[in-house]
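Q: Generate coordinates for the sequence data below:
(2 chains)
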Amino acid sequence: MRGKAFVLVLVLVVALGACGGSSSGGVDLTQPVVVDLDNPPPDKLSAYNLFTWDPATGLAFNESEQRIVPYDLNTPLFSDFALKQRAIYVPPGAAATFDPELAFEFPDGSVLIKNFSFPADFRAPEDNVTLVETRLLVRYPDGWHALPYIWDDAQQDAVLSPAGEVRLITFVDATGQTQMANYLIPQRNQCGSCHARKPTKETNPELVPIGIKARHLTRTYADGDDSYDQLGRLVEREMLDTASAVTPAYDFRPIEAGGVAAIPAADVERAARDYLDINCAHCHNPSGVQGITSQLFLDHATTDPFHLGVCKRPGSAAAGTGGFSFDVVPGDPDTSILYFRTHTTQVGAMMPLLGRSVTHTRGAELVHAWIAAMTPLVCSALQ
Amino acid sequence: MKPTRLTPVFLCAAFAACGDNKGTPAVNTCDGIENCVEIDGGDVKTLQNLANSLEPNTTIVLGAGTFAMTNSLTIRAAGAHVIGQGIDVTILDFAPTTTQVNGVDVVGDNFLIQDLTVQDSPKDGIRVEDSNGVVFRRIRATWTTPSDPTNGGYGIYPVKSQNVLVENSRAEAASDAGLYVGQCQHVIVRNNTVSGNVAGLEIENTQYADVFGNTADDNTGGILVFDLPGNPIVGHDIRLRNNTIRNNNHLNFAPGGVVGKIPVGTGTFAMASRRVEITGNTYINNGTTDIALISGLAIESDPTKWELPTASLTGDWEDLGLIPGATPNTIMNWRGENILVADNTHTGSGLHPDTSDPLMLGILLIVAYAGTPVDNVVYDSILETTFDSTDPAKNSNDNHMCVGGNTGGTFASMSLDHQTVDTIVPFFRPAAPFAPFDCTDLTGGPVAQVVLP
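A: Have a look, this model is predicted:
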């Protein structure tokens, strides 16, 4: 018996060796990515052969065809502090189409990969990392399909989980405080609450990516030794047809690290608007269902003060008002509903609706600073 | 009268679990139903995996028991039927849900939900949006903590939908409206009970609704019809008939918003509404008043906020008498007009007007009536051409308010736009048949019959 067991272990070690030292469900980084649009999506994430994951050494993407490019966003969406690792896969022989303003169009078989993980202690973000979920947006002929995969406890593979999960996750944040998040792994039907767009009043909603826009992607990616211009890398690999210069969204990282004090005062407005754009504008835009109801438009293109909330009464916010009367009271963030809703953790009042259960301290601080710096107005006098 | 009285009897004969809407097991199964899945009571994971990979035209039969939900039950496929084993026998319990979601959240045509209880949703109980063909049958939507401002807003909530039937259901303890029909077209709401809500049953910005056989008991306001400013579906053709609206004297526990302004003790109001019939209802013991006919300017006094571009309007509107806005190619819908009130019975109401509603309507009534009962039907007469406290000939009825057939009750015209806290202009309180408000027919004929496909 003992001898047999030993042989078994040896076989396992050899098998694992072929995957570059990882154990991610049999992923083989020497073989191509597999995106099968003709059959139901696979139950196991490993079937796509996209990347390996090892808590000790991290993620390793499939470079066999040079068709996967990891990327970051200038200002990322906040999701209860989850660390996010993103990458784009475009199948060989096809390319996405650049757009200076809208999300890029992608060829069938493309995959947008987003990994959500938590370290035990954000002061040592590389250590004791648990990969919680991998969300895929896969481009089918009829549009994008959202496919949520949840990682197993052993961190071996992720399983397609339409039901999603709400998981209590405890971690130490960057300031050393213990946080407890009711972290939402969205059920598949909830993907549309951020990703759905109705092109016209009559058409059915379709899923669209949020972050794959030139202004979010125009930045240098840095991961250890690897450093590259993100759009340049996509063009160079012929995964994107072309790219031209746009004004990039503000880089949030200095604020996350050092607070609003870490950026020039003159940049606060732009930083805050870009923060609201990525976190809120997927609903709060002139063609979003909730946006129309609320008449609060937080997309970066909106410029008129009323639709940005200045002295605007809310639509039907009820419990969401915190007892305050106006979305934004210039110069007075502490009586502005916008600030209240972005920092409260009161269920029924906090914004965004999904994906936040704890306060994003630095984000709320930025919104506070933006409103505080406005020329003061007494809103009630205008009514 | 006779056919409407027979209808509930016929329905209850057809459905075993009818009667008092309590939890007699319905014993629903998949037998004889194509594309049907039975799920054991409490098996949340199977339910959620199914709901999130649902094929069109699937029936889900839920077993008896409590489903401890940690997230919304969302439906995004057409033709979904969700059927339990009866009110309080199959319970979708959202108390364990920490995310800000509705309990049951549906976008999908031809949806049916039947024979179950939805309780303690963080937001709305059952919200069905943007769907054509919606049935709620023998549903209970409730919150287990009464009068709690943190309860969800709406219990049963079809919105922006067409061809909607809500029947034999219960809606309780909502911090806004128990049964809320919003921005819908072609709706029947019958034989439901709403209680312990701020607003019991609301018909908002809706076209063609027949509301009958319902009981509104112990809400802040009983059954309410209104348009809100800025909504491009102009409400019209609403019939409230043969409902019981009693004891709607519940504390207003709304956390804010327009609903927080409803005076405690309101039976019915029709606000910024047109082509409404309020007939054959039984009003008992509503402390402020039984029926109020109100202009939208009472809650939003700026007429420009009521402007709607004609190009944005849904459904027919040309013959409604809507007045043009100051902006070209807009109309405004703040006016209450063309409303019929007839054959209602009134008992014991108007004795305890609200002392603290934010609009101070209750205070006005307390001062104006000085301890005598408030009239059963009150009309704000905002912007009527002429008003006089005593002479019928000097009162205009520009808005075609028809109370002539409501001889079982009393009536007053309040001239609300001329009242101040310091000086009360005496109300015009004509005797039946209340000339010049004595008309008995709507302009343009009776409210259209609602026929669901």
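Q: residue ranges for the helices of chain A, please.
A: Along chain A, counting by DSSP state H, helices occupy A:2-17, A:192-195, A:214-217, A:230-236, A:253-258, A:268-280, A:289-294, A:337-343, A:361-372.
Q: Which one of the ones you listed lies nearest to residue B:43?
A: helix A:192-195 (24.7 Å; CB to CB). In short, each C-beta sits where N, CA and C put it, glycine included.
Q: Now do the closest one: everything it contacts.
A: Applying CB atoms under 8 Å, 6 or more residues apart in numbering or on different chains, the contact partners of helix A:192-195 are A:137, A:144, A:146, A:186, A:205, A:207-210, A:282-283, A:352-355, B:76.
Q: all strands of the stretch 201-350 of chain A, in order?
A: Using DSSP state E, counting those that start in this stretch, the strands of the stretch 201-350 of chain A run over A:206-207, A:220-223, A:226-229.
Q: and of the contacts of helix A:192-195, the nearest to residue B:408?
A: Nearest to residue B:408 among the contacts of helix A:192-195 is residue A:353, at 47.8 Å by CB to CB.
Q: Out of the strands of the stretch 201-350 of chain A, which is the most enclosed?
A: Highest mean neighbour count of these: strand A:206-207, a mean of 15 (counted as mean count of other CB atoms under 10 Å in any protein chain shown).
Q: That one pairs with which strands?
A: Next to strand A:206-207 in the sheet, as set by DSSP bridges, lie strand A:196-197 (antiparallel).
Q: Do a quick rundown of the strands in the stretch 1-150 of chain A.
A: Taking DSSP E, counting those that start in this stretch as the criterion, the stretch 1-150 of chain A carries its strands at A:51-54, A:58-61, A:68-71, A:83-89, A:111-119, A:129-140, A:143-151.
Q: hmm, back to that, between the strands of the stretch 201-350 of chain A, which gets nearest to residue B:226?
A: Closest to residue B:226 of those, according to CB to CB: strand A:206-207, at 34.1 Å.
Q: Residue B:85 and residue B:37, how far apart?
A: 15 Å (CB to CB, to the nearest Å).
Q: same deal with residue A:143?
A: Residue A:143 is 26 Å from residue B:37, by CB to CB.
Q: Tell me the bridge partners for residue B:204.
A: Note on residue B:204: beta-bridge partners by DSSP bridges are residue B:182, residue B:226.
Q: Could you count how many residues lie near it?
A: Residue B:204 has 24 neighbours, counted by other CB atoms under 10 Å in any protein chain shown.
Q: and if you look at residue A:304?
A: Residues within reach of residue A:304, counting by other CB under 10 Å, total 8.
Q: re the thing from before, flag whichever of the contacts of helix A:192-195 scores worst on pLDDT.
A: Across these, the smallest pLDDT goes to residue A:205, namely 77.
Q: residues contacting residue B:327?
A: Contact partners of residue B:327, counting by CB under 8 Å, 6+ apart, are B:304, B:307, B:309.
Q: ok, now residue B:66?
A: When contacts are counted by CB under 8 Å, 6+ apart, residue B:66 touches B:41-42, B:91, B:93.
Q: same thing but at 10 Å, please
A: Contacts for residue B:66 (CB atoms under 10 Å, 6 or more residues apart in numbering or on different chains) come out as B:41-42, B:44, B:88-93, B:95, B:117, B:119.
Q: Tell me the one among those nearest to residue B:406.
A: Comparing the contacts of residue B:66 against residue B:406 with CB to CB picks out residue B:117 as the nearest, at 37.7 Å.
Q: For the strand or helix carrying that closest one, give the mean pLDDT please.
A: Following DSSP states H and E, one finds residue B:117 within strand B:111-119. The average of the pLDDT scores along strand B:111-119 is 98.
Q: got any ranges where the stretch 151-300 of chain A has weak pLDDT?
A: A:201-202, A:289-290 (pLDDT under 70).
Q: how about the residues of it near chain B?
A: Residues of the stretch 151-300 of chain A that fall close to chain B, judged by CB under 10 Å from any CB of the partner chain: A:160-168, A:181-193, A:196, A:198, A:201, A:204-205, A:289, A:292-293, A:295.
Q: mind checking how far the closest residue to residue B:36 other than its chain neighbours is from residue B:227?
A: Nearest non-adjacent residue to residue B:36, counting by CB to CB, 6 or more residues apart in numbering or on different chains: residue B:30, 3.6 Å away. For residue B:30, the distance to residue B:227 (CB to CB) stands at 43 Å.
Q: Looking only at neighbour counts, state which of those two leads.
A: The residue with more neighbours, out of residue B:30 and residue B:227, is residue B:227; 27 against 14, by other CB under 10 Å.
Q: contacting residues for that one?
A: Counting by CB under 10 Å, 6+ apart, residue B:227 touches B:183, B:203-206, B:233-236, B:270-274, B:296, B:306, B:308, B:333-336.
Q: What residues are bridge-paired with residue B:278?
A: Beta-bridge pairing for residue B:278 (DSSP bridges): residue B:240, residue B:341.
Q: Now for it, how many residues are close by?
A: Residues near residue B:278, counting by other CB under 10 Å, number 30.
Q: Phi first, then psi, for residue 346.
A: I went with chain A, as the question did not name one. phi -80, psi 120 (degrees, to the nearest 10).
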